[in-house]
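> Need a 3D model of the sequence below.
(chains A, B, C and D)
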2 protein chains.
Amino acid sequence: MRSVDQQGEQRILTAAIDLFGRQGFDGTSVRQLADSAAVSPALVIHHFGSKVGLREACDEHVLGFLKSERANVLLGTVDFDSARGYLAEHPEVVAMSRYLSQALARGDLASRQLFNRLIDDARDNLVLGEQRGMIRPSADPEARAALLVAWSAGLRLFGDLVAERLGGATLLEPAVSDRIADVALEVYEEGLLSADSVRRAMRGRADEARRSGTGAVEVESAP
Amino acid sequence: MRSVDQQGEQRILTAAIDLFGRQGFDGTSVRQLADSAAVSPALVIHHFGSKVGLREACDEHVLGFLKSERANVLLGTVDFDSARGYLAEHPEVVAMSRYLSQALARGDLASRQLFNRLIDDARDNLVLGEQRGMIRPSADPEARAALLVAWSAGLRLFGDLVAERLGGATLLEPAVSDRIADVALEVYEEGLLSADSVRRAMRGRADEARRSGTGAVEVESAP
DNA sequence: GTCTATATAATGATAGAC
DNA sequence: GTCTATCATTATATAGAC
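From the prediction side, this is the model:
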């Protein structure tokens, strides 16, 4: 009956995830959405009640995918090689990844829930990794999970700018993702600070925490 | 003459950096801007030509501060202790930091320039750190700088959500920033992956890069 | 420099036919 | 389910007085 081609409601949802993800919620009008889905503006409202209702439907759809088995592709992985193959065959997931970043950047209630869910998953995965001996234990697993999720979300959000800087168009290009994966592994394997610097910082933190920073480790891009 | 109190133009600019940073460009109307600056909407247009013109003026203002000597406070530092004191005395810098994140998230031309400038600074600082023996050398300094800037921007952008998760309101609260600084140092000092895991990954990368990910290091929040 | 008043365009949403 | 036509609101921007 209706299974051969996408019907209006589904097309609208797909277009919304794409456009909201690329232009933001405010930057996308109902008319633009309707054009992109090849329907009338009225149909958008008819199916989803309002523009906000449509956004909520998008949230649910992406959140539903996050709970699926292939969510790790969207959530981020060191294993770019396997992710690339999957994403090449499932372009709609790329759009969901963009949408996810935009949703997080919004800072509203839905994004707060989303962010907390990501931290939950990250913490659980990290604890699991600790138990398996793959991840170094942390003195503050909750804070570490939160930090890594924020970092990860930043890379996802600014992925195109990173890619552009490295001479590519998107983070998913092998030429770009290989370089990023390599330097990420550098940090994840060995850290960023030299052994000397670490020793100095340790001393500084323990003994001179109240001194106003002269001589402390300062480097852009640290938090 | 006009130095005692801020005149309209300056008040508008200050209000714009604040509101654009907290609500985004699209989410802030000229009327709201005018109210916040206690002027008429027409004066906003008179001084800056258009709403976009006002945004460009904000970009320039923040970019100008980035070139100043205290830019490291805004750009990020491991040394939260010294940053806190400065920020407490210069609340307008907090607003600029928010604005910076929003500007980067926009993804337009200005944000691209901004992002590239941040990477330039980061790369230079990292190279300097390498020469001083404080930073581990990287096989790909350009990519590492880009990655760290994206991470840093993510933490800045999602700082409030991170803080909320850790029971605070903002990243600048000592109760929050201490925990984040500690776990960031964990990663920067020792890395994230255990020695075992590193050995396994090295083998996997070298020999089995084409195998579709089974057994590879996978953890949410990795890039 | 700053205001009031207003023009003009775009937006989200509705009514009602098919 | 889907459309055309339209409403009410809000947006940016302008004109011209002070």
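> From here on, just use CA atoms for contacts and neighbour counts.
Will do.
> Report the buried residues of stretch A:163-178.
For stretch A:163-178, the neighbour count (16 or more other C-alpha atoms under 10 Å in any protein chain shown) marks A:Ala163, A:Glu164, A:Arg165, A:Leu166, A:Gly168, A:Ala169, A:Thr170, A:Leu171, A:Leu172, A:Val176, A:Ser177, A:Asp178 as buried.
> Shouldn't the last one be within a helix?
So the one you mean is A:Asp178. Yes - counting by DSSP: H, G, I helix; E, B strand; the rest coil, A:Asp178 falls inside a helix.
> chain center to the helix or strand hosting A:Ala122, what's the gap?
Per DSSP states H and E, A:Ala122 falls inside helix A:109-131. Per C-alpha atoms, centre = their mean, to the nearest Å, the displacement of helix A:109-131 from the mean C-alpha position of its chain is 12 Å.
> Outside of that helix itself, which residues are in contact with it?
Helix A:109-131 is touched from outside by A:59, A:63, A:75, A:103-105, A:135-137, A:141-142, A:144-146, A:148-149, B:161, B:165, B:219-221, with contacts defined as C-alpha atoms under 8 Å, 6 or more residues apart in numbering or on different chains.
> The closest residue to A:Trp151 other than its chain neighbours: what's it in contact with?
The shortest distance from A:Trp151 to any residue other than its chain neighbours is 4.2 Å, reached at B:Trp151 (C-alpha to C-alpha, 6 or more residues apart in numbering or on different chains). If you count contacts by C-alpha under 8 Å, 6+ apart, B:Trp151 has them with A:Ala150, A:Trp151, A:Ser152, A:Ala153, A:Gly154, A:Leu155, A:Ser221.
> Can you check the pLDDT for B:Trp151?
At B:Trp151, the pLDDT value in this model is 91.
> Centroid-nearest residue for chain A?
Nearest to the mean C-alpha position of chain A, by C-alpha atoms, centre = their mean, lies A:Ala153 at 3.7 Å.
> quick check, that one in a helix?
Yes - counting by three-state DSSP, A:Ala153 is part of a helix.
> pretty sure it contacts B:Gly154?
Yes - if you go by C-alpha atoms under 8 Å, A:Ala153 and B:Gly154 touch, sitting 5.9 Å apart.
> so A:Gly133, which of the three states?
Assigned state for A:Gly133: coil (three-state reduction, three-state DSSP).
> Tell me, what's the model's pLDDT at the residue of chain A found nearest chain B?
Of all residues in chain A, A:Gly154 sits closest to chain B, at 3.4 Å by C-alpha to the nearest C-alpha. The model reports A:Gly154 with a pLDDT of 87.
> Excluding residues flanking it in the chain, which one is nearest it?
Leaving aside its sequence neighbours, A:Gly154 sits nearest to B:Gly154 (C-alpha to C-alpha, 6+ apart; 3.4 Å).
> tell me the contacts of the one you found?
Counting by C-alpha under 8 Å, 6+ apart, B:Gly154 has contacts A:Ala150, A:Trp151, A:Ser152, A:Ala153, A:Gly154, A:Leu155, A:Leu157.
> wouldn't the first one be in contact with B:Phe158 here?
Pointing back at A:Ala150 there. Yes - A:Ala150 is within contact range of B:Phe158, at 6.0 Å (criterion: C-alpha under 8 Å).
> related to what we said a few turns ago, and the residue nearest to A:Trp151, how close does it get to A:Gln7?
As judged by C-alpha to C-alpha, to the nearest Å, B:Trp151 and A:Gln7 stand 40 Å apart.
> and what of A:Ser111?
Note on A:Ser111: its distance to A:Gln7, by C-alpha to C-alpha, is 28 Å.
> So these two - more neighbours on which side?
When neighbours are counted by other C-alpha atoms under 10 Å in any protein chain shown, A:Ser111 and A:Gln7 differ, and A:Ser111 comes out ahead with 19 against 11.
> State the distance from that one to DNA strand C.
A:Ser111 sits 20 Å away from DNA strand C, going by C-alpha to the nearest atom of the strand, to the nearest Å.
> what about A:Ala139, is that helix, strand or coil?
A:Ala139 - assigned by three-state DSSP - is coil.
> Phi first, then psi, for it.
Backbone torsions of A:Ala139, given as degrees, to the nearest 10, read phi -70, psi -20.
> Give the helix, strand or coil label for the residue lying closest to it once chain neighbours are set aside.
Here the nearest residue to A:Ala139 in space, its sequence neighbours aside, is B:Val183; by C-alpha to C-alpha, 6+ apart that works out to 7.6 Å. Recorded secondary structure, B:Val183: helix (three-state DSSP).
> Verify the assumption that A:Ala169 is located in a helix.
No - checked against three-state DSSP, A:Ala169 lies outside a helix; its state is coil.
> Which residue comes closest to it once chain neighbours are left out?
Spatial nearest neighbour of A:Ala169, chain neighbours left out: A:Ala163 (5.5 Å); criterion: C-alpha to C-alpha, 6+ apart.
> who's in contact with the one helix or strand the one you found maps to?
Secondary structure assignment for A:Ala163, by DSSP H and E: helix A:159-165. Helix A:159-165 is touched from outside by A:Leu155, A:Ala169, A:Thr170, A:Leu171, A:Val176, B:Gly107, B:Arg112, B:Phe115, B:Asn116, B:Ala146, B:Leu147, B:Ala150, with contacts defined as C-alpha under 8 Å, 6+ apart.
> So which of the residues you listed sits lowest on pLDDT?
Lowest confidence among the contacts of helix A:159-165: B:Gly107, with 75.
> which ones are touching it?
A:Leu161 are the contacts of B:Gly107 under C-alpha under 8 Å, 6+ apart.
> and if you look at A:Arg179?
B:Asp140, B:Ala143.
> Would you check that A:Asp196 makes contact with B:Glu189?
No - with contact defined as C-alpha under 8 Å, A:Asp196 does not reach B:Glu189; the gap is 10.2 Å.
> Same drill for those two, tell me which one is more crowded.
B:Glu189 (24 against 13).
> which residues of chain A score low on pLDDT?
Applying pLDDT under 70 to chain A flags the ranges A:1-5, A:69-83, A:197-223.
> Helices of that one, residue ranges please.
For chain A, helices defined by DSSP state H occupy the ranges A:8-23, A:30-37, A:41-48, A:51-66, A:71-75, A:80-89, A:91-106, A:109-131, A:141-157, A:159-165, A:174-190, A:195-207.
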